[in-house]
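K.L.:
I would like the atomic coordinates for the input below:
(one chain, ligands or ions: 2)
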Amino acid sequence: MTEPHIERFGPDVSIGSLIRALDRDGVAMVSNAIPPEQLAALNAEFDVLIEGSEPGTPNHIPMLIDFMGHKTHRIDGLPGKSKTFVELLQHPLALQMADHYLLPSCLHYLLSTAQLIEILADESVQHLHRDDTAWIYPPMPTDRDAVPTVEVPQLEVIVLYALCDFTAENGATRVVPGSHLWPARRKPQEHEVVAAEMKAGSAIYYVGKTLHGGGPNLTPDQARRALFLGFSLGWLRTKENFFISTPIDAVREMPPRVQQLLGYETHGGIGVVDVGCPSALLRT
Ligand SMILES: O=C(O)CCC(=O)C(=O)O
Ligand SMILES: [Fe+2]
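P.N.:
Ligands and ions are numbered 1, 2, ... in the order given. So this is what the prediction gives:
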């Protein structure tokens, strides 16, 4: 039996080769996916965001606070906060991957989530999970990982960029190659988990069904910085776009039940603002 591993490609990889690896392993790595100048620009903008943030997500819904980490900075809302992020959002390889996996099931897809994640020294390991279980009810705490995998269409694809060197010690993302094809209840053994060690500017690409999680940061003083983007099917949303059509000042005057109907409450981890529940916006 071959040891599980993540196939590595160079930045000029063809989308066909990337897809072949993704179909087989559910994950693939691309070195130097971000050119050095863009990486430097991103990090300069993100340094400022991290300086203004605190680790931990106390405003998140209780069942996800441990998942989000207590010694981890998480910053979302990035399209409105970083010009370079907006450039990176158009990276052809990520969009070609999303075209391939999502367009068979929708007219067009959406940026579903994007987070800057900085795992600080002494953070513990994140639970191995599938990102697409966020949409599959019932969510935690019953048996959240025991959801059908192959029977469900591809809901989400993800690219996670390393913004610093990723090592097994500083919290490189842990991935279970092949787990996108596993039966729902199969649990990974430790020898099936691979740390996505890679240089700054590299990326892993994975599908929503692939088991993965942030690694523990075992270093005394190194931060591990990542940026992940998830693209999801374009119809995974409400028919009417009340978020845009209803001014927030009007929503503030409405009864809580109506605020909930208009989307100011998350569904588990779906519908977050500032890595938390958007109802916080109504109280400010
Ligand atoms: O930080 C990481 O390496 C992975 C984070 C992750 O998978 C998540 O928060 O869903
Ligand atoms: Fe994840």
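K.L.:
tell me if I'm right that residue 33 and residue 201 touch.
P.N.:
Yes. Using Cβ atoms under 8 Å, residue 33 is in contact with residue 201, at 6.5 Å. The C-beta positions use only the backbone N, C-alpha and C, and glycine is treated the same way.
K.L.:
helix or strand: which one has the closest residue to residue 227 other than its chain neighbours?
P.N.:
Closest residue to residue 227 apart from its sequence neighbours, by Cβ to Cβ, 6 or more residues apart in numbering: residue 161 at 4.6 Å. If you go by DSSP states H and E, residue 161 is part of strand 156-162.
K.L.:
same question for that strand, mean pLDDT?
P.N.:
Model confidence over strand 156-162 averages 98 on the pLDDT scale.
K.L.:
just checking, what packs against the helix or strand that contains residue 84?
P.N.:
When elements are assigned from DSSP H and E, residue 84 belongs to helix 83-88. Here helix 83-88 touches helix 36-51, going by 3 or more Cβ pairs under 8 Å, 6 or more residues apart in numbering; DSSP states H and E.
K.L.:
ok, back up a step: higher neighbour count, residue 33 and residue 201?
P.N.:
Between residue 33 and residue 201, counted using other Cβ atoms under 10 Å, residue 33 has the larger neighbour count: 25 against 22.
K.L.:
so what's that one up against?
P.N.:
Residue 33 sits next to 11, 91, 93, 159, 161, 201, 202, 203 when contact means Cβ atoms under 8 Å, 6 or more residues apart in numbering.
K.L.:
circling back: other SSEs contacting the strand holding residue 161?
P.N.:
helix 92-102, strand 203-207, strand 224-233.
K.L.:
of the ones you listed, which stretch is the most buried?
P.N.:
Compared across these, strand 203-207 shows the largest average neighbour count, a mean of 27 (mean count of other Cβ atoms under 10 Å).
K.L.:
wait, does it make contact with ligand 1?
P.N.:
No. If you take Cβ under 6 Å from any ligand atom as the test, strand 203-207 misses ligand 1, and the best it gets is 8.9 Å.
K.L.:
relative to strand 224-233, how tilted is that strand?
P.N.:
Comparing the axes of strand 203-207 and strand 224-233 via axes from the mean of the first three to the mean of the last three Cα atoms, to 10 degrees yields an angle of 30 degrees.
K.L.:
export strand 203-207 as CSV, just CAs?
P.N.:
Provided in CSV are the C-alpha atoms of strand 203-207 (Å, rounded to 0.1, in the frame of the first residue of the first chain):
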residue,chain,number,x,y,z
ALA,A,203,-1.6,26.5,-2.0
ILE,A,204,-3.7,23.4,-1.4
TYR,A,205,-6.8,22.9,-3.5
TYR,A,206,-9.5,20.6,-2.1
VAL,A,207,-13.1,19.7,-2.4
